[in-house]
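>>> Quick one, structure for this:
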Amino acid sequence: MLQKVYGSAVFGVDATTITVEVNIDTGIGYHLVGLPDNAVRESSYRIAAALKNIGYKLPGKKITLNMAPADLRKEGSAYDLTLAIGILAASGQIKSDNLEEFVIMGELSLDGSLQPIKGALPIAIKAREEGFKNFILPKQNAKEAAVVDNITVYGVDNISVVIDFFNGTNTLDPTVIDTREEFYKNLDFPEFDFADVKGQESIKRCMEIAAAGGHNIILIGPPGSGKTMLAKRLPSILPPMTLHEALETTKIHSVAGRIKEHGGLMAQRPFRSPHHTISDVALVGGGAFPQPGEISLSHNGVLFLDELPEFKRSVLEVMRQPLEDREVTISRARFTVTYPSSFMLVASMNPSPGGYFNDPDAPVMTSPAEMQRYLGKISGPLLDRIDIHIEVTPVPFEKLSDDRKGESSVDIRKRVTKARELQTERFKEIPNVHYNAQMNTKQIRSYCELSDASKQLLKTAMERLNLSARAYDRILKVARTIADLEGNEDVSGDHISEAIQYRSLDREGWLG
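Down below sits the predicted model:
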């Protein structure tokens, strides 16, 4: 008897429906075809043991299973439940009247219980698109998949429950979530608040500008000056995620298996802080079976690289293209996957290997040659892609001992959100551009028109600092954001002057 059941495979951040055809014929043998990997091939042992332990068995006949499309590689153990239900239906051990309405996924344990899978959200989205009415998967992933409307999601913890459901001896309770209510209920502020930061008013101003325009920023300063403390608080002043951004972010984390157990839609912007020993594949994504890297897990959030010169140069250089294109494409011989990577880069670094400026009073002395070698680890093209460079100086004792609270993240966030709303209105007719940092050269010329005096000011700065054409664009973008924070339609000389100050590493004495 021939029976069809349906599962799904995830490539990139999208899913593809897999049809599992099960044929049972006279003879003996178990033949699984359709380009399965080792984990899928090993499913026969898990299925046999699980069925035996719940009182069922594999039929003692020739079983042929084809996973179509047969030229698409099938990976992982999430097809166990799909294959098992197909075998039981083909051998007449369960009723199969309405199997074509179900997508079924889950990894089997030997006692018949189900383990969580990766990519439940994109699978549910694809199932709804293709007209499936129901989705059966492990209970741990049910909340994540139930975010998708117009498809009934059943979370189960054992294959015996699924068998009884199809045989009509029990019913399953669908997992129902009000996506909007769940999302808005979880829009709390993160644990870190700018009110805890003593002093550093100029740096807070920089962070506000960076958040308002989505600009990349690098903080340069000695140990203990507060670089990491400031970076960790940046997500607290970013505008709340929209429902669309939350779905997009949750999809990526779902594919990577990073959604918390029984977790639903992500409501907080991600903050990722990889260690400096990270490999280039772990940062941008890839591997034999491509997975999202840290830059994609930071999508719609913040990627923080602490002690930037300590990262391998090859790791930093692979970020150059994703920083420009806001997506990363991983190519293999048989397929290509693209992961979104629209993130804010926040980097921090010491000004020298010893951690201090070339200061005779510093605890650790560093020669100018050593400083040059250390700073030279970061390439000019990468620095050109960072809009704001700012020096962070140590906080004096008077500020540290002051009991007064600084301005809270809530207040700063209101100004940032207002500036972002102006940008959203400005770019509403332009696809894939939502804030100033995403502008291309043509849009910069259109939205950052300067007076003659402002042009002369910028020309002088370009000549004295020997800035590149990309740095010129960065200054205009930052100036546009400063104008938006003040609610001004035009970019003035004051805005240009402030933006030029935020190019510390372009000044003589830093990198050349």
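
>>> From now on I want contacts and neighbour counts done on CA atoms only, so please keep to that.
Will do.

>>> For the residue nearest to the spatial centre of the chain, give its distance to residue 271.
Nearest to the geometric centre of the chain sits residue 297, at 2.4 Å (C-alpha atoms, centre = their mean). Counting by C-alpha to C-alpha, to the nearest Å, the gap from residue 297 to residue 271 is 9 Å.

>>> what does stretch 401-415 contact?
Outside stretch 401-415, the residues that touch it by C-alpha atoms under 8 Å, 6 or more residues apart in numbering are 193-199, 208, 236-239, 485.

>>> try it again with 6 Å
For stretch 401-415, contacts defined as C-alpha atoms under 6 Å, 6 or more residues apart in numbering pick out 193-195, 236-237.

>>> Now, those residues that are in helices?
Assigned to helices by DSSP state H, none of the contacts of stretch 401-415 qualify.

>>> in the stretch 101-250 of the chain, which spans are helices?
120-129, 142-145, 159-167, 179-185, 201-213, 227-232, 243-255 (DSSP state H, counting those that start in this stretch).

>>> mind putting the ones you listed in TSV, distance to residue 24, mean pLDDT and mean neighbour count included?
TSV is the format used below for these (distance: least, C-alpha to C-alpha, whole Å; pLDDT from 0 to 100; neighbours: other C-alpha atoms under 10 Å):
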stretch	distance to residue 24	mean pLDDT	mean neighbour count
helix 120-129	27	95	24
helix 142-145	32	92	27
helix 159-167	19	95	18
helix 179-185	42	72	14
helix 201-213	60	93	21
helix 227-232	58	91	20
helix 243-255	33	91	21
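
>>> Any idea which of the ones you listed gets closest to residue 387?
With C-alpha to C-alpha, the closest approach to residue 387 among these belongs to helix 201-213: 8.4 Å.

>>> name the helices or strands packed onto that closest one?
helix 409-426 (3 or more C-alpha pairs under 6 Å, 6 or more residues apart in numbering; DSSP states H and E).

>>> quick check: angle from the helix it packs on to helix 201-213?
40 degrees (axes from the mean of the first three to the mean of the last three C-alpha atoms, to 10 degrees).

>>> what about dumping the CA coordinates of helix 409-426 to CSV?
The C-alpha coordinates for helix 409-426 follow below in CSV (Å, rounded to 0.1, in the frame of the first residue of the first chain):
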residue,chain,number,x,y,z
SER,A,409,16.5,55.1,28.8
VAL,A,410,12.7,55.7,28.7
ASP,A,411,13.2,59.4,28.1
ILE,A,412,16.0,58.9,25.5
ARG,A,413,14.0,56.3,23.8
LYS,A,414,11.1,58.8,23.3
ARG,A,415,13.4,61.1,21.3
VAL,A,416,14.9,58.3,19.3
THR,A,417,11.5,56.9,18.4
LYS,A,418,10.3,60.4,17.3
ALA,A,419,13.3,60.8,15.1
ARG,A,420,12.8,57.2,13.6
GLU,A,421,9.1,58.1,12.9
LEU,A,422,10.3,61.1,10.8
GLN,A,423,12.7,58.8,8.9
THR,A,424,9.9,56.2,8.3
GLU,A,425,7.7,58.9,6.8
ARG,A,426,10.6,60.2,4.7
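
>>> Could you pull out the buried residues of it?
Neighbour counts over helix 409-426 (16 or more other C-alpha atoms under 10 Å) mark 409-410, 412-413, 415-424 as buried.

>>> Can you lay out those residues as CSV showing distance to residue 115?
Conversion of the buried residues of helix 409-426 to CSV gives the following (distance: C-alpha to C-alpha, whole Å):
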residue, distance to residue 115
409, 40
410, 40
412, 43
413, 40
415, 45
416, 42
417, 41
418, 44
419, 45
420, 42
421, 43
422, 46
423, 44
424, 42
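
>>> of these, closest to residue 336?
residue 424 (31.6 Å).

>>> tell me which element the closest residue to the closest one other than its chain neighbours falls in.
In this structure, residue 424 finds its nearest non-sequential neighbour in residue 434, 5.3 Å apart by C-alpha to C-alpha, 6 or more residues apart in numbering. Counting by DSSP states H and E, there is no helix or strand that carries residue 434.

>>> Compute the number of surrounding residues for the closest residue to residue 253 other than its chain neighbours.
Nearest residue to residue 253, sequence neighbours excluded (C-alpha to C-alpha, 6+ apart): residue 259, at 5.9 Å. By other C-alpha atoms under 10 Å, the residues close to residue 259 number 22.

>>> Can you tell me the SS state at residue 259?
Three-state call for residue 259 (DSSP: H, G, I helix; E, B strand; the rest coil): coil.

>>> what are the phi and psi angles of it?
phi -80, psi 130 (degrees, to the nearest 10).

>>> can you check residue 7 too?
phi -130, psi -160.

>>> hey, what's it bridged with?
Per DSSP bridges, the residues bridged to residue 7 are residue 18.

>>> neighbours around it, how many?
26.

>>> hang on, it packs against residue 20?
No - contact criterion C-alpha atoms under 6 Å: residue 7 and residue 20 do not qualify, at 7.2 Å.

>>> Kindly provide the distance from residue 405 to residue 196.
Residue 405 is 7 Å from residue 196, where distance means C-alpha to C-alpha.
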